[in-house]
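> Fold the following and give me the result.
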Amino acid sequence: MSVDKYQSTFIQDQFANRIGGSNYGKDTNIYKFEKIKRAKAAAKKAHPDMELIDMGVGEPDEMADARIVAKLGEEAAKPENRGYADNGIAEFKQAAAHYLKEVFSVDGIDAETEVLHTIGAKPALAMLPTVFINPGDVTIMTVPGYPVMGTHTKYLGGEVYNVQLTKENNFLPDLDAIPESIAKRAKLLYLNYPNNPTGAAATVAFFEKAIAWAKQHNVVIVHDAPYSALTYDGVKPFSFLSVPGAKDVGVELHSLSKSYNMTGWRIGFIAGNPLIVKAFGDVKDNNDSGQFIAIQKAAAFGLANPQITEAISAKYSRRHDKLVSALNEIGFKAEKPKGSFFLYVEAPKGIVGGQRFESAEDFSQYLIREKLISTVPWDDAGKFVRFSVTFIAQGEAEEARVIDEIKRRLTDVQFEF
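Next up is the predicted model:
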């Protein structure tokens, strides 16, 4: 059925300003990830016999542990699990509190009042501004980074103030550089460690400073921690909530997506300050009816078995070692991260005697078009590209083959750094 001109105009005029108003859909700018998607499709069409190595995907390359899958099937077959979960089941909340204590040494988390399940971390980040932001309030975000909390702040009439994560400051935000006028109006400070995309880890000293800063300016800290259990080379998983005073000023978001290969399952939790958790629960209750109880019970099994994550971490650590070594042999200055499955490296200036790369996006597009290697560019604070070690490879021999192939493709030209 066709839509007549009047109806089309009528619908166009009804869109909310937050998504573009009457100009919605008319913007010709192409989103970064859409550019990558289009470039990959064009590269595969131009080189149908050449393997595309996708190192841009920010999700695990394997399925969840077979025991978690089996637990889901077992619980899904029980009639008592068929109904609405609302704000979650006690079994999952208790498992989350125990997980924080056993894996992250976080003491004193009350499972009843200081933990709630979430349908993944993304919806939680989307809902938290509703808890705090009035028109004119400020959310402090870090860039490069995951923008969801900032996007919803602006939806609510709030403002976003961006703090750059620079190599010179170890990819930690310089809180002292935030203007007093911003700090006075700020309600939320977003932190994310181990960091996406930089892979940087935060120290106890940094979090102590952040907590003191938050108390001084009456700002709530939201620590987004989906990669916190993926650590390497003897580095113990670390939680913001383990730092004294953290629960006074904020909450932490955990997700099983990355640490348990459960991306599509959509399950995580928020923990920390009980008043924030309570308010979040009230907002959540008006957004969803809870994740399927069988998924919560399967996730609780996973949380009780952190050795599953340890095995996943060992795989990513091995891949990081291989990739860092290969890139450094080519001339990059790559450093293995302390956590996450992301490797963040500075883009070259160009090719000796050839193409110049004015931005990280230029280099990333070159890699896709000419080398069929997909990465994600970040130009927010310097020119960097993000490699993800979640590329498809079954076993160590296949991992080595993929890394060797990357090295082979990148050594037929000489990059200028």
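> Show me where this structure dips below the pLDDT cut-off.
Applying pLDDT under 70 to the chain picks out residues 1-8.
> Counting residues, which helix of it comes out longest?
For the chain, the helix reaching the highest residue count under DSSP state H is reported as helix 307-330.
> And for residue 172, the neighbour number?
Residue 172: 22 surrounding residues under other C-beta atoms under 10 Å. C-beta coordinates here come from the backbone N, C-alpha and C atoms, glycine included.
> who touches it in this structure?
Counting by C-beta atoms under 8 Å, 6 or more residues apart in numbering, residue 172 makes contact with 165, 200, 202, 206.
> 10 Å - rerun?
Listed by C-beta atoms under 10 Å, 6 or more residues apart in numbering, the contact partners of residue 172 are 142, 163, 165-166, 191, 193, 195, 198, 200-203, 205-206, 209-210.
> Repeat that for residue 150.
Contacts for residue 150 (C-beta under 10 Å, 6+ apart) come out as 125, 129, 139-143, 158-162, 188, 190.
> Restricted to strands, list these.
If you go by DSSP state E, the contacts of residue 150 have 139, 140, 141, 142, 143, 159, 160, 161, 162, 188, 190 in strands.
> Now rank the residues you listed by neighbours and give me the top one.
Counting by other C-beta under 10 Å, top hit in the ones in strands among the contacts of residue 150: residue 139 with 28 neighbours.
> Tell me the bridge partners for that residue.
For residue 139, the beta-bridge partners are residue 160, residue 188 (DSSP bridges).
> Serialize the ones in strands among the contacts of residue 150 to TSV and add fields for distance to residue 40.
Listed next are the ones in strands among the contacts of residue 150 as TSV, based on distance: C-beta to C-beta, whole Å:
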residue	distance to residue 40
139	33
140	34
141	28
142	28
143	25
159	35
160	30
161	34
162	28
188	35
190	30
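> rewinding a little: narrow the contacts of residue 172 to just the buried residues.
142, 163, 165, 191, 193, 195, 198, 200, 201, 202, 206, 210 (16 or more other C-beta atoms under 10 Å).
> quick one: the last one and residue 176 touch, right?
Same thing as residue 210. No - contact criterion C-beta atoms under 10 Å: residue 210 and residue 176 do not qualify, at 11.2 Å.
> Dump the buried ones among the contacts of residue 172 into JSON lines; add distance to residue 180 and secondary structure as well.
Formatted as JSON lines, the buried ones among the contacts of residue 172 follow (distance: C-beta to C-beta, whole Å; DSSP: H, G, I helix; E, B strand; the rest coil):
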{"residue": "142", "distance to residue 180": "19", "secondary structure": "strand"}
{"residue": "163", "distance to residue 180": "14", "secondary structure": "strand"}
{"residue": "165", "distance to residue 180": "21", "secondary structure": "coil"}
{"residue": "191", "distance to residue 180": "20", "secondary structure": "strand"}
{"residue": "193", "distance to residue 180": "25", "secondary structure": "coil"}
{"residue": "195", "distance to residue 180": "26", "secondary structure": "coil"}
{"residue": "198", "distance to residue 180": "27", "secondary structure": "coil"}
{"residue": "200", "distance to residue 180": "26", "secondary structure": "coil"}
{"residue": "201", "distance to residue 180": "29", "secondary structure": "coil"}
{"residue": "202", "distance to residue 180": "24", "secondary structure": "coil"}
{"residue": "206", "distance to residue 180": "21", "secondary structure": "helix"}
{"residue": "210", "distance to residue 180": "17", "secondary structure": "helix"}
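> all strands for the stretch 301-417 of the chain, in order.
342-346, 350-351, 373-374, 376-378, 384-388, 415-416 (DSSP state E, counting those that start in this stretch).
> how far out from the middle of the chain is the fifth one?
Just to be clear, that refers to strand 384-388. Centroid separation between strand 384-388 and its chain, computed with C-alpha atoms, centre = their mean, to the nearest Å, is 14 Å.
> who are the neighbours of that strand, in terms of helices and strands?
helix 307-330, strand 342-346, helix 360-371, strand 373-374, strand 376-378 (3 or more C-beta pairs under 10 Å, 6 or more residues apart in numbering; DSSP states H and E).
> Would you mind writing the CA trace of the longest one as CSV?
Same thing as helix 307-330. Extracted C-alpha coordinates of helix 307-330, given in CSV (Å, rounded to 0.1, in the frame of the first residue of the first chain):
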residue,chain,number,x,y,z
GLN,A,307,37.1,-20.4,35.8
ILE,A,308,35.0,-20.2,32.6
THR,A,309,36.2,-16.6,32.3
GLU,A,310,39.7,-17.5,33.2
ALA,A,311,39.9,-19.9,30.2
ILE,A,312,38.5,-17.2,27.9
SER,A,313,41.1,-14.7,29.2
ALA,A,314,43.9,-17.1,28.5
LYS,A,315,42.8,-17.3,24.9
TYR,A,316,42.6,-13.6,24.4
SER,A,317,46.0,-13.1,26.2
ARG,A,318,47.6,-15.6,23.8
ARG,A,319,46.1,-13.8,20.8
HIS,A,320,47.2,-10.4,22.1
ASP,A,321,50.8,-11.6,22.5
LYS,A,322,50.8,-12.8,18.8
LEU,A,323,49.2,-9.7,17.5
VAL,A,324,51.4,-7.2,19.4
SER,A,325,54.5,-9.1,18.3
ALA,A,326,53.4,-9.0,14.6
LEU,A,327,52.5,-5.4,14.6
ASN,A,328,55.6,-4.3,16.3
GLU,A,329,57.7,-6.2,13.8
ILE,A,330,56.0,-4.1,11.1
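> Need the strands of the stretch 301-417 of the chain in TSV (columns: mean neighbour count and distance to residue 308).
Supplementary listing: the strands of the stretch 301-417 of the chain in TSV, determined by neighbours: other C-beta atoms under 10 Å; distance: least, C-beta to C-beta, whole Å:
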stretch	mean neighbour count	distance to residue 308
strand 342-346	22	21
strand 350-351	17	43
strand 373-374	22	28
strand 376-378	24	27
strand 384-388	25	20
strand 415-416	16	39
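> Let me have those in TSV, extended by distance to residue 318.
Below are these laid out as TSV (distance: least, C-beta to C-beta, whole Å):
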stretch	distance to residue 318
strand 342-346	13
strand 350-351	31
strand 373-374	20
strand 376-378	22
strand 384-388	15
strand 415-416	26
